[in-house]
Every structure is written in structure tokens, then in C-alpha cells.
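> Sharing a model that was predicted from the sequence below.
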Amino acid sequence: MTTLLETRDLKKHYRMGTSTVRALDGVSLSVEQGEFVALLGTSGSGKSTLLNLVAGLDRPTEGSLRIFDQDLSQMSSAELSVHRRRNVGIIFQSFNLVSTMTARENVTLAMMFAGVARAERDTAAAELLSSIGLAERQQHRPRELSGGEQQRVAIARALSNKPHLLLADEPTGNLDSHTSRDIMTILKTLNEQEGKTVIMVTHDAQLARAYAHRTITLLDGVVVDEQREPRA
């Protein structure tokens with residue numbers, strides 16, 4: 001298998017007054033292309049910090065973070081912007097949809113920034129929304145959609161630029177159990193049938209072990225456990 005992501009002694013420290021917060025304090029791990037990996041841990045364990053570094057939304061204090069053998073810690077701001085646009089799709093707990101835009105317009109937004117022609121991005125957005133069961137909801141705005149429907153729009157948006165890596169930060173955190181299973185089934189299908197590599201942050205160990213190939217548990221900024229989950 002091809003290694004998509006590798007970190008070596010990755011650290012992220014913050015100054016808070018006279019104190020230093022060690023959000024990540026020496027994380028070394030690798031993720032293979034096509035894996036579904038869940039990052040587990042309580043609030044403050046460092047899992048969302050790690051996801052933000054992988055997304056190129058923040059920079060490490062020390063250590064290396066390589067995606068397809070390119071070190072993000074050495075990239076310029078412009079290069080990180082290209083990385084976010086081409087390599088990763090991000091799914092947030094709070095959906096982060098633009099309230100004044102329709103579902104289709106929200107999905108086309110990333111493609112617009114990437115310079116995709118309007119007709120092409122409209123067609124692609126319609127196909128993405130149809131593929132996740134929202135063919136009849138494309139002209140609805142976020143306030144007219146349920147939480148589960150909003151998260152489906154967010155998934156379609158994350159897929160719009162055909163990323164290699166899907167990053168999901170508590171994607172079911174604001175959803176009921178039934179809707180959570182629906183969203184997890186979509187992520188599992190994207191992983192198994194379309195070969196998307198998925199890294200998901202969650203505090204729900206049961207959910208992680210039901211869907212992920214591997215779970216990595218963080219505590220106080222370090223990896224304390226790693227388990228490969230058996231599959232039937």
C-alpha cells in the first residue's frame with residue numbers, strides 16, 4: 001500500500017500567558033492510502049489540532065508532516081492553500097454552510113475558487129448532491145434542511161474538488177443516532193467504493209470501532225493506544 005500521510009515527532013505548542021499548552025507533544029503515525037482511521041480522545045487530547053495540521057489550517061511547532069512525501073511544515077502559505085484546495089476535503093461538526101446560499105451553491109463554492117467553469121461546477125454539484133440522496137433538495141437553503149441533510153451537503157462540498165483525503169471533525173456530533181448512522185454509512189461507502197482515505201475525529205469509541213479500519217487514541221497530545229479493528 002502507498003503511504004499517504006506520515007508524521008514524525010509532530011508538536012504543536014501554544015503560549016497562554018506565562019504557560020505553554022502542549023496540544024500535540026510528539027506524535028508519530030502513518031496512514032495508508034484507502035484507510036479509514038478514527039482519532040479518539042477526550043476534549044483537549046489533541047485530535048482536532050492534529051486534523052487542523054493535516055488540513056494545512058495551522059502549522060506545527062516542530063516535527064514533520066508529509067502528505068504524498070511533501071512536507072507541509074516547509075510549505076509557504078500559498079502552497080498550503082493549494083494543498084487545501086487539491087488534496088483535502090473537510091467535514092465539520094457544525095456543517096459550516098453559507099446560510100444565504102442554496103445547497104447547490106454551497107457545493108459549487110470550492111470549485112469556483114479552484115477556477116472551474118460555472119456550467120461544469122453546476123453539473124458536478126448536482127451529481128454530487130444526487131449521489132447522496134439530495135436530488136430534490138438542491139435549491140433549498142441550510143435553514144430549510146435538517147441537520148442530516150446539511151451534513152450531506154457538507155460532504156458533497158468536501159468532495160467537490162475530488163480530494164485524496166477526507167477529514168471529518170466530529171461529523172455526527174450534532175446529529176441523532178439514526179442520522180449519525182446514515183452519515184457514517186456515506187463515509188464508509190466513499191472509503192470502500194471510491195477509495196477515499198478518511199481520517200475522522202470522534203469521542204465516540206463505539207462508532208469509531210464500528211466503521212474505521214484503525215483507531216488511534218490520543219491523550220494530552222500523545223498517542224497512547226492504536227488498534228486495528230477486525231472486519232467480518
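Nice, thanks for sending it over.

> Excluding residues flanking it in the chain, which one is nearest the most centrally placed residue in the chain?
For the chain, the residue lying nearest the average C-alpha position, counting by C-alpha atoms, centre = their mean, turns out to be residue 167 (1.2 Å). Distances taken as C-beta to C-beta, 6 or more residues apart in numbering place residue 90 nearest to residue 167, at 4.9 Å, with adjacent residues excluded. Every residue, glycine included, has its C-beta placed from N, CA and C.

> what's the following helix or strand after whatever helix or strand that neighbour lives in?
Here residue 90, judged by DSSP states H and E, is contained in strand 88-92. Once the chain leaves strand 88-92, the next helix or strand it forms, by DSSP H and E, is helix 103-113.

> Can you list the neighbours in contact with that next one?
Here helix 103-113 makes contact (C-beta atoms under 8 Å, 6 or more residues apart in numbering) with 85, 97-98, 101, 118, 120-122, 124-126, 128-129, 134, 137-142, 145, 149, 153-154, 156-157, 160-161.

> Mind listing what's buried along it?
Of the residues in helix 103-113, 103-111 count as buried by neighbour count, 16 or more other C-beta atoms under 10 Å.

> tell me the helices in this protein, going along the chain?
In the chain, the segments counted as helices under DSSP state H are 47-55, 77-86, 103-113, 118-131, 147-159, 177-194, 205-211.

> For the fifth one, output the C-alpha coordinates as PDB.
Listed next in PDB are the C-alpha coordinates belonging to helix 147-159 (Å, rounded to 0.1, in the frame of the first residue of the first chain):
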ATOM      1  CA  GLY A 147     -29.200  18.600  10.400                       C
ATOM      2  CA  GLY A 148     -28.600  15.300   8.500                       C
ATOM      3  CA  GLU A 149     -29.300  17.000   5.200                       C
ATOM      4  CA  GLN A 150     -27.000  19.900   6.000                       C
ATOM      5  CA  GLN A 151     -24.200  17.400   6.800                       C
ATOM      6  CA  ARG A 152     -24.800  15.600   3.500                       C
ATOM      7  CA  VAL A 153     -24.400  19.000   1.700                       C
ATOM      8  CA  ALA A 154     -21.100  19.500   3.600                       C
ATOM      9  CA  ILE A 155     -19.900  16.000   2.500                       C
ATOM     10  CA  ALA A 156     -20.800  16.900  -1.100                       C
ATOM     11  CA  ARG A 157     -18.900  20.200  -0.800                       C
ATOM     12  CA  ALA A 158     -15.900  18.300   0.700                       C
ATOM     13  CA  LEU A 159     -15.900  16.000  -2.300                       C
END
